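Student: Would you be able to build a 3D model of this:
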Amino acid sequence: MRTESGTPDARSATPSGTMRAIVQDAYGEADVLRPAEIDRPAVGDDEVLVRVVAAGVDQGAWHLMAGLPYPVRLAGYGVRAPKAPVRGRELAGRVEAVGSGVTTLRPGDEVFGVAEGAFAEYAPAAVAKLAPKPASLTFQQAAALPISGLTALQAVRDQGRVTAGDRVLVIGASGGVGSFAVQIAKAFGAEVTGVASTGKVDLVRSLGADHVIDYRLDDDLGAGERGYDVIIDTGGNRPLRVLRRALTPTGTLVLVGAETGGRWLGGTDRQLRAMVLSRFVRQRLRTFIASEKAADLLALSALVESGAVTPVVDRTFPLAETPAAIRHMREGKARGKVVIDV
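Tutor: Presented below is the predicted three-dimensional model:
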């Protein structure tokens with residue numbers, strides 16, 4: 001598209017050419033990923049093309065890479081092989097070009113949010129899933145925020161309904177979602193207890209947790225006689241009976257995820273049981289899929305700019321080492337988030 005003067009219209013032009021990306025041709029572990037030079041993606045009318053500076057690595061990236069559990073493939077990602085070759089869904093970068101229907105963003109704007117194919121130099125993103133990058137964050141910190149931060153915010157605010165004075169337990173408090181959940185629950189005025197492994201207790205304490213439990217030394221979750229008003233379980237696969245025992249009689253359990261390795265259910269069986277059981281008990285047993293929307297990205301930005309939330313970046317890996325980054329996350333070594341520096 002050109003203006004009346006004959007110069008290219010920077011608002012709607014999609015730059016031609018190629019880009020570096022990490023791609024996969026088949027489902028599997030990290031060794032299916034390989035670097036490649038591919039065409040830059042085009043953008044739709046309500047999309048922008050983001051020049052990726054950094055991309056976050058979350059458990060979802062592994063599930064889409066591995067095609068597990070199998071229902072992931074039935075959700076539109078490809079039954080026998082991935083339909084789209086580039087993985088990665090959370091990013092921070094600069095707007096390179098915008099679709100013809102976009103009026104809120106311009107080339108050069110610094111943004112963060114959710115997009116398909118973030119493990120690449122460029123990624124197309126819907127405007128509805130982007131927000132201005134918080135000025136106080138580096139691109140690497142901002143890339144750690146979108147998916148894990150949105151999940152934590154909605155778990156604490158919407159599912160847990162945490163209010164000032166609540167006793168909140170966060171299981172997996174040193175992980176991507178858990179590290180945000182601790183900080184957000186504290187920002188809402190809760191008394192927060194975090195559960196982590198021995199080597200990560202200091203990290204959880206530094207996030208502002210009032211109490212920290214080393215699960216290798218104390219697996220009863222330290223509920224005492226009072227119990228917790230809200231438990232946010234972001235990791236592991238503790239039985240529902242153990243979690244319910246640590247709750248108050250009318251407390252709320254929020255199951256964010258579980259990693260059991262099952263090829264068909266992959267830990268969702270516990271979530272399904274919780275949904276059924278919740279109909280017959282006084283406790284609220286909740287599970288959910290995070291909503292990826294700009295309004296909540298802005299809410300996260302406000303928490304960041306207020307000083308209440310700071311993304312924890314464990315390590316950054318160059319784009320070519322994306323397979324190593326995913327292995328690092330899957331091995332449970334990360335303290336906070338793993339980020340790809342594009």
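
Student: which one's the longest strand in this structure?
Tutor: strand 47-57 (DSSP state E).

Student: tell me which strands and helices it is in contact with?
Tutor: Using 3 or more CB pairs under 8 Å, 6 or more residues apart in numbering; DSSP states H and E as the contact criterion, the secondary-structure elements in contact with strand 47-57 are strand 90-98, strand 122-126, helix 139-143, helix 146-153, helix 322-330, strand 337-341. The way it works is simple: take the backbone N, C-alpha and C, and place the C-beta from them, glycine included.

Student: Need the ones you listed in JSON lines (columns: mean neighbour count and mean pLDDT).
Tutor: JSON lines is the format used below for these (neighbours: other CB atoms under 10 Å; pLDDT from 0 to 100):
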{"stretch": "strand 90-98", "mean neighbour count": "25", "mean pLDDT": "97"}
{"stretch": "strand 122-126", "mean neighbour count": "25", "mean pLDDT": "97"}
{"stretch": "helix 139-143", "mean neighbour count": "25", "mean pLDDT": "98"}
{"stretch": "helix 146-153", "mean neighbour count": "27", "mean pLDDT": "97"}
{"stretch": "helix 322-330", "mean neighbour count": "21", "mean pLDDT": "95"}
{"stretch": "strand 337-341", "mean neighbour count": "26", "mean pLDDT": "97"}
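
Student: Excluding its own residues, what touches stretch 129-143? List them.
Tutor: Where contact means CB atoms under 8 Å, 6 or more residues apart in numbering, the residues beyond stretch 129-143 that reach it are 48, 50, 53-56, 90-93, 105, 109-115, 145, 292-294, 297-298, 301, 304-305, 310-311, 313, 316, 339-341.

Student: same question but for stretch 245-254, I mixed them up
Tutor: Residues from elsewhere that reach stretch 245-254, judged by CB under 8 Å, 6+ apart: 155, 159-161, 169, 220-221, 223, 226-233, 240, 243-244, 274, 282-288.

Student: and those, which of them are in helices?
Tutor: Restricting those to those inside helices, with DSSP state H as the criterion, leaves 240, 243-244, 274.

Student: Run a quick neighbour tally on Lys129.
Tutor: Burial measure for Lys129: 20 neighbouring residues, criterion other CB atoms under 10 Å.

Student: Roughly how far does it sit from Pro107?
Tutor: Separation of Lys129 from Pro107 (CB to CB, to the nearest Å): 18 Å.

Student: mind checking how far the lowest-mean-pLDDT helix or strand in the chain is from the chain centre?
Tutor: Among the helices and strands of the chain, helix 71-72 carries the lowest confidence by mean pLDDT, DSSP states H and E, at a mean of 80. Taking CA atoms, centre = their mean, to the nearest Å, one finds the center of helix 71-72 at 18 Å from the center of the full chain.

Student: Next: stretch 206-225.
Tutor: Put simply, stretch 206-225 sits 24 Å off its chain's centre (CA atoms, centre = their mean).

Student: and that stretch, C-alpha only, in CSV?
Tutor: Output in CSV follows, covering the C-alpha atoms of stretch 206-225 (Å, rounded to 0.1, in the frame of the first residue of the first chain):
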residue,chain,number,x,y,z
SER,A,206,12.4,-12.6,48.7
LEU,A,207,9.1,-12.4,46.7
GLY,A,208,7.4,-11.3,49.9
ALA,A,209,5.9,-14.5,51.2
ASP,A,210,5.1,-14.4,54.9
HIS,A,211,5.9,-18.1,55.4
VAL,A,212,7.8,-20.6,53.2
ILE,A,213,7.4,-24.4,53.4
ASP,A,214,10.1,-26.7,52.0
TYR,A,215,7.9,-29.5,50.7
ARG,A,216,10.7,-32.0,51.1
LEU,A,217,10.7,-31.4,54.9
ASP,A,218,7.0,-30.6,55.6
ASP,A,219,4.5,-32.1,53.2
ASP,A,220,1.4,-31.4,55.4
LEU,A,221,1.3,-27.9,53.9
GLY,A,222,1.5,-26.3,57.3
ALA,A,223,-2.2,-25.5,57.5
GLY,A,224,-2.5,-26.0,61.3
GLU,A,225,-5.9,-25.8,62.9
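
Student: No further queries at this time; thank you.
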